[in-house]
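A.B. asks: fold the following for me, if possible:
(one chain, ligands or ions: 1)
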Amino acid sequence: MKPIGVYIHIPFCVRKCNYCDFVSYPVVEGHVRAYSEALVGVELGDACGWLKASGRVVDTIYIGGGTPTAVPSRHLLELLRVCKNDLPLEDGAEVTVEMNPGTAGPGYVAELLGAGVNRISIGVQSFCDTTLTYLGRIHTADEARGCIKAVREMGCRNVNLDLIYGTPGESLDELLHSVAAAISLGPEHISVYGLSIPDGTRLHADLLAGRLTPVAAELQREMYEAVREALAGAGYVQYEISSWARPTFECRHNLNYWRLGEYLGLGCAASSHIDGVRRTNIADHLEYARRLSGNKMAVAEQETLTRKQRIDEAIMLGLRMREGIDLEWLLQREGYDLASERSEQIKRLLKSGLIEIEDGWLRLTDDGVLVADEVIVWLV
Ligand code: SF4
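C.D. replies: Okay, the predicted model is just below:
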């Protein structure tokens, strides 16, 4: 049986955060109902049949958003019921739900855990109220603490906290306070992302209007190094550029992405990667629901990856992980000998201490991680 991950997109949020360009929409009862009926009743139903017929076994499910827990629990419970009963689900599969503080109380969490969820990823972003307000989050730091404690008390044994660094106005001390607060709550996994300010967001409008000064690159780098040191000091192992975990608690769903495994994306804007073909659904949630309820496909784009695209992805995603790229695996998979194809660049990167090669694995060094994007440009 071939393993595959399943991603399910729930595109609803209580309010749009100031930095967000994810596909998310306001919670409108009728829209949630129509979306849920199309997702669970049509797309997921079809997927269950296809997965079984194709001999795949689902080893991870990731319900992300948006904010999945912004919708009434009955929608997620129905989704989880169909997943449990009809998907070819591996015993012990990792089943993650993303939630945000301020959207789900202990009762909601208990229902999710009872329905088979075994990992909860909480979007905390910061434990500093000024930063949370600046980012447009709907919760305070105390509410985030309360949410994490409730998730624990309800019995969840695998918790991730997301943090953001590099918010304009945030000092290094404030960031370290947030990291220390996260560590003190004992999650199994912590993800820390640098703030990006994409086009079309409120922060981007502020940037264009000169009301926002981005954090200087040097300070961003200092912050990243300080985060890395604090998390390592607390026993978290970095396994990817933005991800740290207690041993054995790495996110299996994300590892599958980075190792170029197969995944099936369900819901609006969700992407799939199956048999070398990448397919993405339309982003508009209402059009998605209309199409599926009218027995039409909701696919917006589909492309068969070329060999060059597959090699570039293997290099880009492989370098994100601290384990790096297995050179023999790449040779077997694509017939591509990276060490000889990029021998000059590799020599220089080795000399400058940005990469290392050990037992056939090429990976970024601690210094290389700080300039990962530049190293990737050299190697693709
Ligand atoms: S909660 Fe997440 S998905 Fe929703 S608006 Fe905020 S950043 Fe975007």
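A.B. asks: shouldn't residue 80 be in contact with residue 112?
C.D. replies: Yes: using CB atoms under 8 Å, residue 80 makes contact with residue 112 at a distance of 7.4 Å. To be clear about C-beta, it is placed using only N, CA and C from the backbone, and glycine gets the same treatment.
A.B. asks: output stretch 142-156 as CSV, nothing but the C-alphas.
C.D. replies: Only the C-alpha atoms of stretch 142-156 are listed here, as CSV (Å, rounded to 0.1, in the frame of the first residue of the first chain):
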residue,chain,number,x,y,z
ASP,A,142,-3.6,35.2,28.5
GLU,A,143,-6.3,33.7,26.3
ALA,A,144,-3.6,31.8,24.4
ARG,A,145,-2.3,30.4,27.7
GLY,A,146,-5.8,29.4,28.7
CYS,A,147,-6.4,27.7,25.3
ILE,A,148,-3.2,25.7,25.6
LYS,A,149,-4.0,24.6,29.1
ALA,A,150,-7.5,23.5,28.1
VAL,A,151,-6.1,21.5,25.2
ARG,A,152,-3.8,19.7,27.7
GLU,A,153,-6.4,19.2,30.3
MET,A,154,-8.7,17.6,27.7
GLY,A,155,-6.0,15.0,27.1
CYS,A,156,-4.1,16.1,24.0
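A.B. asks: now name the helix or strand holding residue 58.
C.D. replies: Applying DSSP states H and E as the criterion places residue 58 in strand 56-65.
A.B. asks: now that strand: average pLDDT?
C.D. replies: Summarised as a single mean, pLDDT over strand 56-65 is 98.
A.B. asks: just checking, what packs against the very next helix or strand once past it?
C.D. replies: Proceeding N to C from strand 56-65, the next assigned helix or strand is helix 73-86, under DSSP H and E. Secondary-structure packing of helix 73-86 (3 or more CB pairs under 8 Å, 6 or more residues apart in numbering; DSSP states H and E): strand 2-10, helix 29-36, helix 45-53, strand 56-65, strand 89-99, helix 106-114.
A.B. asks: buried stuff in helix 73-86?
C.D. replies: 73, 75-80, 82-83 (16 or more other CB atoms under 10 Å).
A.B. asks: neighbours of the nearest residue to residue 104 once chain neighbours are set aside, how many?
C.D. replies: Once flanking residues are discounted, residue 104 sits nearest to residue 69: 3.9 Å by CB to CB, 6 or more residues apart in numbering. For residue 69, the count of nearby residues is 28 (other CB atoms under 10 Å).
A.B. asks: who touches the residue most central in space within the chain in this structure?
C.D. replies: Nearest residue to the geometric centre of the chain (CA atoms, centre = their mean): residue 254, 6.6 Å. Residue 254 makes contact with 240, 243, according to CB atoms under 8 Å, 6 or more residues apart in numbering.
A.B. asks: from residue 241, how far out is it?
C.D. replies: 11 Å (CB to CB, to the nearest Å).
A.B. asks: how about the residues of the stretch 51-200 of the chain that lie near the ligand?
C.D. replies: Counting by CB under 6 Å from any ligand atom, the positions of the stretch 51-200 of the chain adjacent to the ligand are 65-67, 100, 123.
A.B. asks: so residue 121, which of the three states?
C.D. replies: The local conformation at residue 121, judged by DSSP: H, G, I helix; E, B strand; the rest coil, is strand.
A.B. asks: the nearest residue to it once chain neighbours are set aside and residue 372, how far apart?
C.D. replies: Nearest non-adjacent residue to residue 121, counting by CB to CB, 6+ apart: residue 160, 4.1 Å away. Counting by CB to CB, the separation of residue 160 from residue 372 is 21 Å.
A.B. asks: swap in residue 323?
C.D. replies: In terms of CB to CB, residue 323 sits 14 Å off from residue 372.
A.B. asks: check residue 38 too.
C.D. replies: 38 Å.
A.B. asks: ok, the two, which is more surrounded?
C.D. replies: Using other CB under 10 Å as the criterion, residue 38 and residue 372 rank with residue 38 on top: 23 against 15.
A.B. asks: residue 160: which element?
C.D. replies: Here residue 160 is covered by strand 159-165, with elements defined by DSSP H and E.
A.B. asks: that strand: partners in the sheet, and parallel or antiparallel?
C.D. replies: Looking at strand 159-165 with DSSP bridges, its partner strands are strand 119-125 (parallel), strand 189-194 (parallel).
A.B. asks: how about those strands in JSON lines, adding mean neighbour count?
C.D. replies: What follows is these, written out as JSON lines (neighbours: other CB atoms under 10 Å):
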{"stretch": "strand 119-125", "mean neighbour count": "25"}
{"stretch": "strand 189-194", "mean neighbour count": "20"}
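A.B. asks: let's have those in JSON lines, adding mean pLDDT.
C.D. replies: Converted to JSON lines, the strands paired with strand 159-165 look like this (pLDDT from 0 to 100):
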{"stretch": "strand 119-125", "mean pLDDT": "98"}
{"stretch": "strand 189-194", "mean pLDDT": "98"}
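A.B. asks: just for the protein, where's the confidence low?
C.D. replies: Within the chain, not a single segment meets pLDDT under 70.
A.B. asks: what packs against the longest helix along it?
C.D. replies: If you go by DSSP state H, the chain has its longest helix at helix 217-233. Counting contacts by 3+ CB pairs under 8 Å, 6+ apart, helix 217-233 packs against strand 159-165, helix 172-184, strand 189-194, strand 237-240, helix 366-370.
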